[in-house]
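Engineer: pasting the structure only:
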């Protein structure tokens with residue numbers, strides 16, 4: 001399977017796993033949280049590879065993504081309340097997945113057309129999501145973990161990840 005196809009399929013499958021939100025038990029909630037983590041990882045991988053989605057993919061993903069946002073919000077709350085010390089790299093990857101979502105998916109349509117023939121896009125949904133979810137608390141956790149990781153008098157270690165956009169400030173440390 002070609003690399004592009006593999007990455008697009010990864011995002012599609014991860015988003016589809018978030019269609020059903022089951023909060024009926026602790027194990028169902030944990031599964032949802034884990035699926036949201038997988039989704040952010042898939043978006044991160046596609047973002048690093050600079051995938052250009054087709055219009056059909058954008059429409060499919062926009063609709064799926066709008067349904068997935070509540071589960072991603074649950075993942076953010078989970079991270080903020082349960083930030084384990086050994087998960088700094090994983091959390092940076094997830095945060096980058098979220099940033100790629102904000103940067104690269106905002107123009108994805110969420111419906112074919114409204115009454116006027118205009119397509120709605122993810123920009124409003126993502127803006128509302130940013131206001132509602134406690135992303136600042138996640139960023140604060142990352143800042144604290146990075147500071148705790150550094151020894152006094154030692155410069156910040158270089159990231160051992162592929163090059164990410166400058167909006168992904170958490171990789172600087």
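Structural biologist: Yep, it's here. The structure displayed is predicted, hence computed values, not measured ones.

Engineer: So which helix or strand of this structure has the lowest pLDDT on average?
Structural biologist: Here the helix or strand of the chain ranked lowest by mean pLDDT, DSSP states H and E is helix 135-149, holding a mean of 79.

Engineer: where does residue 24 land in three-state SS?
Structural biologist: coil (DSSP: H, G, I helix; E, B strand; the rest coil).

Engineer: separation between it and residue 32?
Structural biologist: From residue 24 across to residue 32, the span is 10 Å (Cβ to Cβ, to the nearest Å). Glycine gets a C-beta too; all of them are placed from N, C-alpha and C.

Engineer: For these two, indicate the residue with more neighbours.
Structural biologist: residue 32 (21 against 7; other Cβ atoms under 10 Å).

Engineer: which strands and helices sit next to the longest helix along the chain?
Structural biologist: Longest helix in the chain, counting residues (DSSP state H): helix 55-81. In this structure, helix 55-81 packs against helix 3-16, helix 26-48, helix 88-104, helix 122-132, helix 135-149, with contacts taken as 3 or more Cβ pairs under 8 Å, 6 or more residues apart in numbering; DSSP states H and E.

Engineer: Apply 7 Å and report the result again.
Structural biologist: On a contact count with 3 or more Cβ pairs under 7 Å, 6 or more residues apart in numbering; DSSP states H and E, helix 55-81 meets helix 3-16, helix 26-48, helix 122-132, helix 135-149.

Engineer: what angle sits between the first one and helix 26-48?
Structural biologist: With axes from the mean of the first three to the mean of the last three Cα atoms, to 10 degrees applied, the angle from helix 3-16 to helix 26-48 works out at 150 degrees.

Engineer: Okay, buried residues for helix 3-16 please.
Structural biologist: Buried residues in helix 3-16, counted by 16 or more other Cβ atoms under 10 Å: 7, 8, 10, 11, 14, 15.

Engineer: ok, the first one - contacts?
Structural biologist: By Cβ atoms under 7 Å, 6 or more residues apart in numbering, the residues touching residue 7 are 45, 46, 49, 51.

Engineer: That concludes my questions; thank you for your assistance.
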